[in-house]
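Visitor: below are the sequence and a predicted model; questions follow.
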Amino acid sequence: MKLPPFKLEEFWKKYEFSTPYLLCCSDPESWKLQELLKLADPESKQIWETLSLGYTEVPGHPLLREEICKLYTKIKSDQVFTFAGAEEGIYCSMRTLIEPNDHIIAIDPCYQSLKTLPSSFGGKVSSISLIAENNWQLDLEEVEQVFQENTKLIVLNYPHNPTGSLLSKEVFEGIIQLARKHDAYIFCDEVYRFLEIDETKRLPSIADAYEKGITLNVMTKSFGLAGLRIGWIVSQDKKFIDSVSSYKLYTSICNSAPSEILALIALRAKKHILARNRKLILENLDILDAFMDRNQDILKWVRPQSGTIGVIKLLLPISIEDFSKELAEKEGILIMPGSVVGLPGNYFRIGFGRKNMPEILKRFEAFLQKYRK
């Protein structure tokens, strides 16, 4: 089956490097190479300085996989498999899991490939739509209602992209119980884990909490290192890990050697990196709170609980597509219409993880004043 256009990535391809003020970025402020290298411990610094630019091990550098293990409580290094970014991990996982007529449950909105790949591989996807009126919260009863005898996989996306919502502990545990009862897999995109606004609400990784749980993560989001293109899949299910590894041989085969060592440096300095990123998003979120209060006659939102992005509803009598086009053309400011991320209605995605967000927000607010006049 032919893959449909990837709306979000097509959007970025068109606008990311041609629009001066990006107000919808999904990753935090990136680190400069020299900043990262200053954080290197003696061992990783020596590896970097003597690095040979040859092929790397298919599963990933052994030291990198050992460091990834430290993010989890029940995962061993042979249950970690690295990829060239998150998308490759999603693709190889879905190719491994999905067979024709398998039933899959997915959440809307979500990162598009989490839904389109299972469907393209012959699966039958049932979607559960999150709504603002319910604070973008997932209803466990809805999951139970769409569950079928041949449900093979539940696809989660938490902390949620793009709304920034979190699963409650009760819903999280209820989904695991449902999957365990029917011997189904749970795949969870956890790329914003560690950026919960209230850290006491951080849930266990699905790979730790469930024996058939599969976790996806990447250096891009919480760690702010998109350019490394290093992601990973972890699971207690070693048979799945062994199977998914075979598909990587048809994609990237192995990772970039410099990227692996830079990822190792970052993970060994994760407390410092996450602290800096959290400080930035919390400061920006305070500014964004005040902005939303001042403009509540035009804009409405459910405040994000995690990550670097949120969803805002435009209350003006104009479509969000026309509004965002005018904003980009007249002010050079880029917001992302909800339709790009599979969200119907007059919503748009906003990012608050970049240092220049306050500056862009001032320009955006001045543009809104024109509509009041």
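Guide: Done, it's in.
Visitor: show me what contacts residue 170?
Guide: Under the criterion of Cβ atoms under 8 Å, 6 or more residues apart in numbering, the neighbours of residue 170 are residue 140. Bear in mind the C-beta positions are built from the backbone N, C-alpha and C, glycine included.
Visitor: recalculate using a threshold of 6 Å.
Guide: Listed by Cβ atoms under 6 Å, 6 or more residues apart in numbering, residue 170 has no contact partners.
Visitor: before we move on, what SS does it have?
Guide: helix (DSSP: H, G, I helix; E, B strand; the rest coil).
Visitor: now the helices for the stretch 51-200 of the chain?
Guide: 62-69, 86-97, 113-120, 140-146, 169-182 (DSSP state H, counting those that start in this stretch).
Visitor: which strands and helices sit next to the third one?
Guide: Here helix 113-120 is seen to pack against helix 86-97, strand 124-129 when contacts are counted using 3 or more Cβ pairs under 6 Å, 6 or more residues apart in numbering; DSSP states H and E.
Visitor: that one versus helix 86-97: what angle between them?
Guide: Using axes from the mean of the first three to the mean of the last three Cα atoms, to 10 degrees, the inter-axis angle of helix 113-120 relative to helix 86-97 is 30 degrees.
Visitor: give me the mean pLDDT for helix 113-120.
Guide: The predicted model assigns helix 113-120 a mean pLDDT of 96.
Visitor: what does that helix rub up against?
Guide: Contacts with helix 113-120, where a contact means Cβ under 6 Å, 6+ apart, come from 1, 3-4, 90, 94, 98, 104, 106, 125, 155.
Visitor: minimum distance to residue 273: which of the helices of the stretch 51-200 of the chain has it?
Guide: With Cβ to Cβ, the closest approach to residue 273 among those belongs to helix 62-69: 12.6 Å.
Visitor: which parts of the closest one are buried?
Guide: The neighbour-count criterion (16 or more other Cβ atoms under 10 Å) identifies 63-65, 67-69 as the buried residues of helix 62-69.
Visitor: and the residues you listed as TSV, adding distance to residue 372 and pLDDT?
Guide: Converted to TSV, the buried residues of helix 62-69 look like this (distance: Cβ to Cβ, whole Å; pLDDT from 0 to 100):
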residue	distance to residue 372	pLDDT
63	57	98
64	52	98
65	55	98
67	52	98
68	50	98
69	54	98
